[in-house]
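**Q** The following block contains a protein sequence and its predicted model.
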Amino acid sequence: MFSDADDGPPRHPALAGKVAVVTGGSRGIGAATCRALAANGVAVAVNGRDRAAIDAVVARIAEEGGTAVAAPADVTDEAEVLAMREGVERELGPVDILAAFAGGQGTPAPTARLGAARWREVIESDLTSVYLTVAAFLPAMVERRTGSIITMSSTAGRLPSGANAAYAAAKAGVVMFTKHLANEVGGHGVRVNCLAPSAVLNERMRRFMSDAQLGELAATYPLGRIGRPEDVAQAALYLASDASSWVTGVTLDLTGGRVIV
């Protein structure tokens with residue numbers, strides 16, 4: 001999260017007054033993105049499945065002088081996504097920025113023992129959820145001829161890694177879905193871009209890795225550190241803003257130099 005000691009996220013004045021939905025917005029990268037957008041005057045709908053975690057992000061944004069509302073929904077359920085969209089539009093108005101960040105089922109598993117049920121679960125969580133979210137909000141953006149959609153891939157979708165095969169396939173699918181959609185809707189004034197982060201410090205890493213282990217991991221990156229949620233949030237802010245008005249169909253690798261393509 002952006003600390004109280006720093007100057008906060010970059011400022012993009014043209015974002016003020018816009019409306020954003022961030023799926024997976026209750027923790028980590030999603031929560032940092034919600035705060036970055038709100039700090040720029042964006043009214044943010046915070047999506048997730050843990051209502052207490054959502055409410056904590058909404059409360060923090062309110063304390064910081066921003067505007068945010070809770071938008072709980074399971075984004076693998078089409079009916080819940082559509083209901084969320086209706087609620088957000090009713091409460092905040094038309095959505096200008098959509099950050100489809102929910103997912104994160106990359107726990108390593110041998111492919112031979114992954115199983116069909118787990119395969120389907122991961123694909124639903126990390127690929128189908130992106131489609132359902134975009135499909136719900138895209139028609140209004142096309143009609144209004146404006147909008148920025150940001151999807152979330154991973155290094156695992158760019159290069160072979162220790163993640164399970166379903167997650168790798170899902171995240172690679174998000175990259176191609178982003179390119180396809182950008183090509184399809186660019187003429188309607190809608191931009192679609194993707195973020196592909198590598199290791200980003202999160203609660204699980206803090207819980208299961210010692211400081212020494214985190215230091216060893218950091219040393220494997222050309223820039224000498226692992227990512228922070230705000231690193232990804234600042235990239236999302238750029239893609240949401242007019243600073244990237246001539247950028248679409250791009251996958252931005254946020255990897256400290258680990259992935260260079």
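**A** Nice, thanks for sending it over. Numbering: from 1, shown residues only.
**Q** so what's residue 23 bridging to?
**A** Counting by DSSP bridges, residue 23 forms beta bridges with residue 100.
**Q** That one: neighbouring residues, count only.
**A** By other C-beta atoms under 10 Å, 26 other residues sit near residue 23. Bear in mind the C-beta positions are built from the backbone N, C-alpha and C, glycine included.
**Q** can you confirm residue 135 is in a strand?
**A** No. Residue 135 is assigned helix when assessed by DSSP: H, G, I helix; E, B strand; the rest coil, not a strand.
**Q** number of nearby residues for it?
**A** When neighbours are counted by other C-beta under 10 Å, residue 135 registers 13.
**Q** residue contacts, residue 137?
**A** For residue 137, the contact set (C-beta atoms under 8 Å, 6 or more residues apart in numbering) comprises 21, 85, 95, 98, 147, 149.
**Q** Show me the residues you listed that map onto helices.
**A** Mapping the contacts of residue 137 onto helices (DSSP state H) picks out residue 85.
**Q** which of the contacts of residue 137 lies closest to residue 35?
**A** Nearest to residue 35 out of the contacts of residue 137 is residue 21 (C-beta to C-beta; 14.7 Å).
**Q** can you pull the contacts of that closest one?
**A** Per C-beta under 8 Å, 6+ apart, neighbours of residue 21: 44-45, 47, 71, 84-85, 88, 95, 97-99, 133, 137.
**Q** repeat for residue 121
**A** Contacts of residue 121 by C-beta under 8 Å, 6+ apart are 105, 166.
**Q** Likewise for the one 4 residues further on?
**A** When the contact criterion is C-beta under 8 Å, 6+ apart, the partners of residue 125 are 76, 102, 103, 104, 105, 170.
**Q** same thing but 7 Å
**A** Contacts for residue 125 were tallied using C-beta atoms under 7 Å, 6 or more residues apart in numbering; they are 76, 103, 105.
**Q** Highest neighbour count among those?
**A** That'd be residue 103 among those, by other C-beta under 10 Å, with 27 neighbours.
**Q** Once you drop chain neighbours, what's closest to it?
**A** Nearest non-adjacent residue to residue 103, counting by C-beta to C-beta, 6 or more residues apart in numbering: residue 126, 3.8 Å away.
**Q** That neighbour is in contact with residue 168, isn't it?
**A** No. Judged on C-beta atoms under 7 Å, residue 126 makes no contact with residue 168 at a distance of 9.8 Å.
**Q** between the two, which one's more packed in?
**A** Using other C-beta under 10 Å, the more surrounded residue of residue 126 and residue 168 is residue 126, with 28 against 23.
**Q** Am I right that the more buried one is in a helix?
**A** Yes. Assignment of residue 126 by three-state DSSP places it within a helix.
**Q** and it, what pLDDT?
**A** What the model reports as pLDDT for residue 126 is 98.
**Q** check contacts around it.
**A** By C-beta under 7 Å, 6+ apart, residue 126 lies in contact with 103, 105, 167, 170, 171.
**Q** From residue 174, how far off is it?
**A** Distance, residue 126 to residue 174, by C-beta to C-beta, to the nearest Å: 7 Å.
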